[in-house]
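[1] heads up, no residue letters with this:
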DNA sequence: ATGACGGTGTGGCACCGA
């Protein structure tokens, strides 16, 4: 079973690229962030025609918005973090049936945080606290779980093109990295780091200053899996190809392969 | 130091992202 995460930075603009990518990569589930559209504008027909007739959508106007696109039926869909009041559409979760039992998938567009001394950073920390408390409940209620999304956090110096110059700036602060570790401490592993990966592997590059061509990027899109699932993880790869498209998203997909048969 | 690029909105630029 393949599950991917991709921040598309407007599904309206990126739909043709999403359809092209799914045609080339006919995975079971694709988790999207930054839809930047309301639910009534979600392109369900086109995705159904592509084989993704089961969609859990949580959009909003202008900003944020997340969705799980699936070939398999989705159950127990939840929107946002239970018990955490939030006006922004940032989380959608659903369960799929596998031959080995139910699999819970949580898709998040984590708060950016702007700058470490800002109100938005304080919101990021509150949001992460809420996410962690709720995920603990999700894991005990649903069993094996995959957490994917745009975390807006680099885990360590390997995840950034400039570890010295960007030290303690947004996406690189100790506070954010402690939150990253606290999520793992719930009983999950960073699937990407289960494998030897190319040096300077990133999932996001700024649109400006030819950052992609110069590979000045960050790895901020992640896939965590419950420890119980670790033996079934057969690969976890970043697919840089869509970043080379015309009018690309600034993020590129990360793909998990789980042996679930 | 700043802005650089790209998306959205009801716009003639501001706001936001990372």
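    Structure received. These numbers were taken from a predicted model, which means no experiment stands behind them. Numbering: from 1, shown residues only, chains lettered A, B, ... in the order given.
[2] what are the boundaries of the strands in chain A?
    A:2-7, A:29-33, A:54-58, A:66-70, A:75-79, A:91-98, A:101-109, A:145-150, A:188-190, A:204-205, A:217-218, A:221-226, A:233-238, A:254-258 (DSSP state E).
[3] ok, the last one: who's next to it in the sheet?
    In this case it means strand A:254-258. Strand A:254-258 pairs in its sheet with strand A:2-7 (antiparallel), strand A:233-238 (antiparallel), by DSSP bridges.
[4] can you tell me which of these is nearest to residue A:137?
    Comparison of these against residue A:137 by C-beta to C-beta identifies strand A:2-7 as nearest, at 21.4 Å. Every C-beta, even on glycine, is put in place using the N, C-alpha and C of the backbone.
[5] need the contact partners of the closest one.
    Taking contacts as C-beta atoms under 8 Å, 6 or more residues apart in numbering, the residues outside strand A:2-7 that touch it are A:18, A:21, A:25, A:27-34, A:105, A:107, A:109, A:146, A:148-150, A:204, A:221-223, A:239, A:242, A:249-258.
[6] separation between residue A:21 and residue A:244?
    Taking C-beta to C-beta, to the nearest Å as the criterion, residue A:21 is separated from residue A:244 by 12 Å.
[7] for residue A:34, same thing?
    When C-beta to C-beta is applied, the distance between residue A:34 and residue A:244 equals 19 Å.
[8] same deal with residue A:153?
    When residue A:153 is compared with residue A:244 (using C-beta to C-beta), they lie 25 Å apart.
[9] again, but for residue A:155
    The spacing between residue A:155 and residue A:244, counted by C-beta to C-beta, is 25 Å.
[10] when the two are compared, which one has more neighbours?
    Comparing residue A:155 with residue A:244 by other C-beta atoms under 10 Å, the one with more neighbours is residue A:155, at 19 against 10.
[11] pretty sure the more buried one is in contact with residue A:177, am I right?
    Yes. Taking contact to mean C-beta atoms under 8 Å, the distance of 6.6 Å between residue A:155 and residue A:177 places them in contact.
[12] and the top helix by length along chain A with strand A:75-79, angle?
    When every helix of chain A is counted residue by residue (DSSP state H), the longest turns out to be helix A:119-142. With axes from the mean of the first three to the mean of the last three C-alpha atoms, to 10 degrees applied, the angle from helix A:119-142 to strand A:75-79 works out at 160 degrees.
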